[in-house]
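[1] What follows is a predicted structure for the sequence shown.
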Amino acid sequence: MEQGFKCVFMTWRALSISPYHTAAMAIVDELEARVPTRASLALFRESPALASYFKRWNLSVYFTLRFQDIAGAMEVGTDGQCSPPRRMPFD
C-alpha cells in the first residue's frame, strides 16, 4: 500500500493531506475491525508494517506547514501589527 501511493505522503502535498489521512485511517479502522481476537489486534497494532505506515504520514511536518500558512496569513491580515487586547473578556 505504501509503495503504490507514495505521492500521498510527499511533503509538498501537506496542505491537501487531510482527506488522504482521513481515508487512510478509515482503512486502518476497517482492517482492525476485521481482526478476530484481541491478541491478534495487539499484534497488528504493534507490527513494524503499521508503525512504518504511520511514520510515513509525517504529521509533524504537516502541522508545521499548516501553522506557518495560518500564521503567515494572519500576519499579512494584521500587517504585522498584532497587539494584545486592552482587556480580557472575562476580567
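    The structure has been received and is ready for your questions. Owing to the predicted nature of the structure, the values given are computational and were not obtained by experimental measurement.

[2] Count the residues that sit near Tyr25.
    Quick fix: residue 25 reads Met, not Tyr. Neighbour count for Met25, taken as other Cβ atoms under 10 Å: 12. Using the backbone N, CA and C atoms, a C-beta is placed for each residue, glycine as well.

[3] for the chain, which helix is longest?
    Looking across the chain with DSSP state H, the single longest helix is helix 59-78.

[4] what helices or strands is it leaning on?
    helix 17-34 (3 or more Cβ pairs under 8 Å, 6 or more residues apart in numbering; DSSP states H and E).

[5] and the helix it packs on, which residues are buried?
    For helix 17-34, a neighbour-count test (16 or more other Cβ atoms under 10 Å) marks 17, 24 as buried.

[6] Mind checking the pLDDT average for the very next helix or strand once past it?
    Following helix 17-34 in sequence order, the next helix or strand is helix 38-45 (DSSP states H and E). Helix 38-45 carries an average pLDDT of 96.

[7] Repeat that for stretch 59-79.
    Averaging pLDDT along stretch 59-79 gives 75.

[8] List the buried residues of it.
    By neighbour count with 16+ other Cβ under 10 Å, stretch 59-79 contains the buried residues 62, 65.

[9] Output it as PDB - backbone C-alpha positions only.
    C-alpha atoms of stretch 59-79 as PDB (Å, rounded to 0.1, in the frame of the first residue of the first chain):
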ATOM      1  CA  LEU A  59       2.200  14.600  10.700                       C
ATOM      2  CA  SER A  60       4.700  16.900  12.500                       C
ATOM      3  CA  VAL A  61       5.700  18.300   9.100                       C
ATOM      4  CA  TYR A  62       2.100  18.700   8.100                       C
ATOM      5  CA  PHE A  63       1.200  20.600  11.300                       C
ATOM      6  CA  THR A  64       4.300  22.800  11.000                       C
ATOM      7  CA  LEU A  65       3.500  23.800   7.400                       C
ATOM      8  CA  ARG A  66      -0.200  24.400   8.300                       C
ATOM      9  CA  PHE A  67       0.900  26.600  11.300                       C
ATOM     10  CA  GLN A  68       3.200  28.600   9.000                       C
ATOM     11  CA  ASP A  69       0.400  29.000   6.500                       C
ATOM     12  CA  ILE A  70      -2.100  30.200   9.100                       C
ATOM     13  CA  ALA A  71       0.400  32.400  10.900                       C
ATOM     14  CA  GLY A  72       1.600  33.900   7.700                       C
ATOM     15  CA  ALA A  73      -1.900  34.800   6.600                       C
ATOM     16  CA  MET A  74      -2.600  36.300  10.000                       C
ATOM     17  CA  GLU A  75       0.500  38.500   9.800                       C
ATOM     18  CA  VAL A  76      -0.500  39.700   6.300                       C
ATOM     19  CA  GLY A  77      -4.000  40.400   7.500                       C
ATOM     20  CA  THR A  78      -2.900  42.400  10.500                       C
ATOM     21  CA  ASP A  79       0.000  44.000   8.600                       C
END
